[in-house]
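In: Build me a model:
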Amino acid sequence: MIGAIRALVARDLVLAARVGGSGALSLVFFLMIVALVPFALGPDLNLLSRIGPAILWLAAVLATLIGLDRLFQADEEDGSLDLMAGAPVPLECMVLAKVTAHWLTTGLPLALASPLFGLLVALDGTAMAGTALTLLVGTPALTFVGAVGAALTASIRRGGLILAVLVLPLMIPTLIFGVSAAQSVAGGTVPFGTPLMILGGLSLIAAVVGTVAAAAALRWSE
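Out: Down below sits the predicted model:
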């Protein structure tokens with residue numbers, strides 16, 4: 001079972017490297033949002049530094065949606081999803097492998113690039129490191145929540161808008177605790193560890209519930 005999961009993760013990573021697409025697009029979209037907001041707010045560096053973590057987290061939430069609609073749709077179109085459903089390995093393991101590969105190509109690069117983009121919103125070194133850590137802990141929750149919507153819309157052509165409507169409300173708790181943890185680094189009233197632990201708990205819950213729910217949605221769509 002572990003070998004099958006590793007093979008599927010490696011397959012999706014190789015396909016992402018050859019085809020490109022969602023990972024690079026997510027980074028570009030992330031950069032566009034972070035770069036445009038300072039133009040709208042003006043040259044007030046104090047204001048930018050106060051709301052910088054919120055800008056980065058909001059940009060990460062929106063960038064995570066890029067490519068989610070193709071998470072299962074490509075396999076649905078070429079018949080690979082039927083083979084996965086009929087394989088001796090549980091479908092939940094297949095879903096876990098695909099979502100993990102998607103996070104490695106989208107969520108992880110966003111978290112790693114956030115310190116660089118933090119310069120655009122006047123964050124200091126401590127705030128950039130804290131925001132990057134919260135994104136590293138919290139983006140798996142965004143990806144697993146998005147996977148449920150991707151499974152529900154796998155058989156719908158151009159279901160990206162429906163996907164966004166379905167999953168964005170479910171991403172709000174992760175956004176709230178992510179911003180709270182990132183802002184606490186800069187001297188908030190809440191200790192940094194408290195919202196960070198809640199954020200980690202949300203990612204673990206999303207990994208379990210999202211995997212099971214996405215697999216059930218794929219079986220239902222058949």
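In: now for the helix or strand hosting residue 83, which elements pack on it?
Out: Residue 83 belongs to helix 80-86 when elements are defined using DSSP states H and E. Helix 80-86 makes packing contacts with helix 73-78, helix 91-105, helix 193-221 when contacts are defined by 3 or more Cβ pairs under 8 Å, 6 or more residues apart in numbering; DSSP states H and E. Any C-beta I mention is one placed from the backbone N, CA and C, and that applies to glycine too.
In: which one of those helices is the most hemmed in?
Out: Relative to the other members of these, helix 91-105 carries the highest mean neighbour count by mean count of other Cβ atoms under 10 Å, namely a mean of 22.
In: Packing partners of that helix?
Out: If contacts are counted by 3+ Cβ pairs under 8 Å, 6+ apart, helix 91-105 sits against helix 2-19, helix 22-41, helix 80-86, helix 125-152, helix 193-221.
In: Can you check the pLDDT for the closest residue to residue 214 other than its chain neighbours?
Out: In space, residue 214 comes closest to residue 151 once its chain neighbours are excluded; the distance is 4.0 Å by Cβ to Cβ, 6 or more residues apart in numbering. Residue 151 is assigned a pLDDT of 88 by the prediction.
In: now the one 3 residues further on
Out: In this prediction, residue 154 carries a pLDDT score of 80.
In: what about the residue nearest to residue 214, how many neighbours?
Out: 28 (other Cβ atoms under 10 Å).
In: would you list the helices and strands packed on helix 91-105 in CSV and tack on distance to residue 112?
Out: Conversion of those to CSV gives the following (distance: least, Cβ to Cβ, whole Å):
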stretch, distance to residue 112
helix 2-19, 16
helix 22-41, 10
helix 80-86, 29
helix 125-152, 7
helix 193-221, 17
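In: Worst mean pLDDT among those helices?
Out: Set side by side, the helices and strands packed on helix 91-105 show their lowest mean pLDDT on helix 80-86, which sits at a mean of 73.
In: Quick one: residues in contact with that one.
Out: With Cβ atoms under 8 Å, 6 or more residues apart in numbering as the contact definition, helix 80-86 has outside contacts at 72, 74-75, 91, 94, 154, 218-219, 222.
In: Same question for stretch 193-204.
Out: When contacts are defined by Cβ under 8 Å, 6+ apart, stretch 193-204 is touched by residues 133-134, 137-138, 140-141, 144, 173-174, 177-178, 180-181, 184.
In: what do you get for stretch 13-33?
Out: Contacts made with stretch 13-33 from outside it, assessed by Cβ under 8 Å, 6+ apart, are listed as 55, 58-60, 62-64, 66-68, 70, 101-102, 104-106, 109-110, 113, 117.
In: Under a three-state scheme, what state does residue 155 occupy?
Out: For residue 155, the secondary structure call by DSSP: H, G, I helix; E, B strand; the rest coil comes out as coil.
In: Grab the nearest non-local neighbour of it.
Out: On the basis of Cβ to Cβ, 6+ apart, the spatially nearest residue to residue 155 that is not a chain neighbour turns out to be residue 221, at 5.0 Å.
In: Go ahead and confirm that neighbour touches residue 150.
Out: No. Counting by Cβ atoms under 8 Å, residue 221 does not reach residue 150; the two are 11.1 Å apart.
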